[in-house]
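Visitor: below are the sequence and a predicted model for it; my questions follow.
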Amino acid sequence: MGLVDDLHRLDDLRSRGALSEDEFQRAKVRLLDVGSTAAEIPAVAAINRLRRSRRDRWIAGVCGGLAALTGVESWIWRLVLVALALFGGTGVVFYILLWIFVPNDD
């Protein structure tokens, strides 16, 4: 059962008189707000705020953006990524992926 079916069912209840106009509007708002709850999850909201820094950058601004998001100094992020790069190269892969997929801040 999808959102459209639920909206049709609510409209049918309103047309039969089972729901008043006010009850219909509140139920419709509650039904339409269900899809926006994922944006209210803190981890999702934090990922959506991640941007590459234009001011605090050495290469692409990834560490500066991580620093702005987390409150941890950018030199610590640089140190972590270098350490990961030395142990298997995951730091390089992680940095390149963030460089590609994270937009610049405005």
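Guide: Cool, got the structure.

Visitor: can we go C-alpha only for contacts and neighbour counts from here?
Guide: Noted.

Visitor: tell me how far the lowest-mean-pLDDT helix or strand in the chain lies from the chain's centre.
Guide: Lowest mean confidence among the helices and strands of the chain (mean pLDDT, DSSP states H and E): helix 42-49, at a mean of 72. Mean C-alpha position of helix 42-49 versus that of the full chain (Cα atoms, centre = their mean, to the nearest Å) differs by 4 Å.

Visitor: what of stretch 59-66?
Guide: Stretch 59-66 sits 18 Å away from the centroid of its parent chain (Cα atoms, centre = their mean).

Visitor: quick one: mean pLDDT over that stretch.
Guide: Predicted confidence along stretch 59-66 averages 86 (mean pLDDT).

Visitor: got a list of contacts for it?
Guide: Residues outside stretch 59-66 that contact it (Cα atoms under 8 Å, 6 or more residues apart in numbering): 50-57, 72, 74-75, 77-78, 95, 98-99.

Visitor: break this protein down into its domains, please.
Guide: The chain breaks down by automatic domain parsing into domains covering 3-38, 44-101.

Visitor: for residue 52, phi and psi?
Guide: Residue 52 adopts backbone torsions of phi -80, psi 130, taken as degrees, to the nearest 10.

Visitor: brain fart, residue 88
Guide: Dihedral pair for residue 88: phi 100, psi -10, per degrees, to the nearest 10.

Visitor: please apply the same query to residue 104.
Guide: phi -70, psi 150.

Visitor: near the closest residue to residue 102 other than its chain neighbours, how many other residues are there?
Guide: Using Cα to Cα, 6 or more residues apart in numbering and skipping residues adjacent in sequence, the residue nearest residue 102 is residue 51, 5.8 Å away. Counted with other Cα atoms under 10 Å, residues neighbouring residue 51 total 23.
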